[in-house]
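A.B. asks: Everything below, folded, please.
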Amino acid sequence: MSRAEAAADVRPVSRLWTFGLLRNELVTTFRRWRTLALLAVLAGVPVLIGIAVRIETGDGASPGGGGGGGPAFISQITNNGLFLVFTALAATLPFFLPMAVGVVAGDAIAGEAGAGTLRYLLAAPAGRSRLLLTKYATVVLFCLAATLVVAVSALATGALLFPLGDLTTISGTRIGFAEGLGRALLIALAVAASLIGVAALGLFVSTLTGSGIAAMATTVGLLITVQILDQISQLDALRPYFFSHYWLSFADLMREPVHWDDLAKNLGLQALYAAVFGSAAWARFTAKDVTA
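C.D. replies: Numbering: from 1, shown residues only. Prediction:
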């Protein structure tokens with residue numbers, strides 16, 4: 001690290017300038033065609049699920065042929081379109097959402113290095129630490145945006161194809177449609193929070209290489225590997241520590257009363273991954289020799 005960069009890390013920077021940096025990062029990220037394509041794919045998943053359920057149940061049959069297969073809540077979609085929100089989030093969380101986050105996070109630093117713009121960013125008065133934090137905040141906000149895209153698309157599709165109204169929780173109790181919408185929002189927030197560990201992991205990988213493609217591929221590969229390991233029963237002692245282990249705990253928000261144990265474990269685990277890999281990313285990035 002040069003003296004100028006070290007000084008930039010410690011000299012005061014106005015909050016207005018910091019928010020301006022975050023705004024520029026958000027605009028840059030969400031204007032990329034790759035990001036827009038990822039969001040379009042995520043928005044299309046609920047539409048495809050809704051159309052498939054509508055076609056399959058057109059003759060009065062139950063979704064999945066009555067075999068109980070498919071994502072959670074899918075058998076309830078025909079009774080209430082709001083269940084399409086829960087089904088779409090359950091369907092996208094294991095792969096589509098974390099893959100999208102992994103792509104954005106993996107490209108955060110490595111993409112700038114590969115394009116030759118990282119050195120110019122480091123010449124700004126924020127310094128490396130503030131730049132890294134801004135990058136991470138941008139990825140976290142992408143987690144929220146991607147999750148809301150799925151939820152909103154599912155809600156719109158469910159309202160068009162299926163009836164809406166009061167719904168039955170997993171516990172068998174009835175709640176009103178307004179409360180159901182509130183639960184859907186809480187579930188979307190829980191799903192977005194489930195991805196902050198992946199965001200930190202991807203950001204750390206991004207600091208290890210100057211190739212955005214390599215960082216994205218490595219992050220997605222790690223995501224797939226961890227989820228495969230999480231399905232191996234012989235690893236029961238380790239499975240609770242895999243970041244994906246409690247991802248589907250959001251279903252507990254559809255119980256009455258809500259079961260908070262696994263939800264709390266998931267949030268704690270994601271915070272742990274964010275702290276560990278965020279610290280590793282900071283240690284690597286602040287000591288990294290940037291030549292491009």
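
A.B. asks: contacts and neighbour counts: CA atoms only from here.
C.D. replies: Will do.

A.B. asks: can you pull out the strands in the stretch 151-292 of the chain?
C.D. replies: Taking DSSP state E, counting those that start in this stretch, the strands of the stretch 151-292 of the chain run over residues 167-168, 174-175.

A.B. asks: per-stretch mean pLDDT over those strands, give me the minimum one.
C.D. replies: Least confidently modelled of the strands of the stretch 151-292 of the chain is strand 167-168, at a mean of 86 by mean pLDDT.

A.B. asks: ok, and what's touching that strand?
C.D. replies: 80, 174-177, 180 (Cα atoms under 8 Å, 6 or more residues apart in numbering).

A.B. asks: Only the buried subset of the residues you listed, as a ChimeraX command please.
C.D. replies: Buried residues among these (16 or more other Cα atoms under 10 Å), as a ChimeraX selection:
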select :80,175,180
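
A.B. asks: just curious, which of the contacts of strand 167-168 is nearest to Trp247?
C.D. replies: Gly180 (20.4 Å; Cα to Cα).

A.B. asks: count of residues packed around the closest residue to the closest one other than its chain neighbours?
C.D. replies: Nearest residue to Gly180, sequence neighbours excluded (Cα to Cα, 6 or more residues apart in numbering): Leu167, at 7.0 Å. Residues near Leu167, counting by other Cα atoms under 10 Å, number 20.

A.B. asks: ok so, going back, out of the strands of the stretch 151-292 of the chain, flag the one nearest Val226.
C.D. replies: strand 167-168 (33.7 Å).

A.B. asks: what pairs with the closest one, and is each one parallel or antiparallel?
C.D. replies: Using DSSP bridges, the strands paired with strand 167-168 in its sheet are strand 174-175 (antiparallel).

A.B. asks: quick one: contacts for the nearest residue to Cys143 once chain neighbours are set aside?
C.D. replies: Using Cα to Cα, 6+ apart and skipping residues adjacent in sequence, the residue nearest Cys143 is Ala192, 5.4 Å away. Taking Cα under 8 Å, 6+ apart, we find Ala192 in contact with 143-144, 147.

A.B. asks: Then Ile55?
C.D. replies: Counting by Cα under 8 Å, 6+ apart, Ile55 has no contacts.

A.B. asks: what about Val103, how many residues close to it?
C.D. replies: Counted with other Cα under 10 Å, Val103 comes out at 26.

A.B. asks: and the closest residue to Ala159 other than its chain neighbours, which of the three is it?
C.D. replies: Spatially, and ignoring its direct neighbours in sequence, Ala159 is nearest to Gly81 (5.6 Å; Cα to Cα, 6+ apart). Assigned with DSSP: H, G, I helix; E, B strand; the rest coil, Gly81 falls in the coil class.
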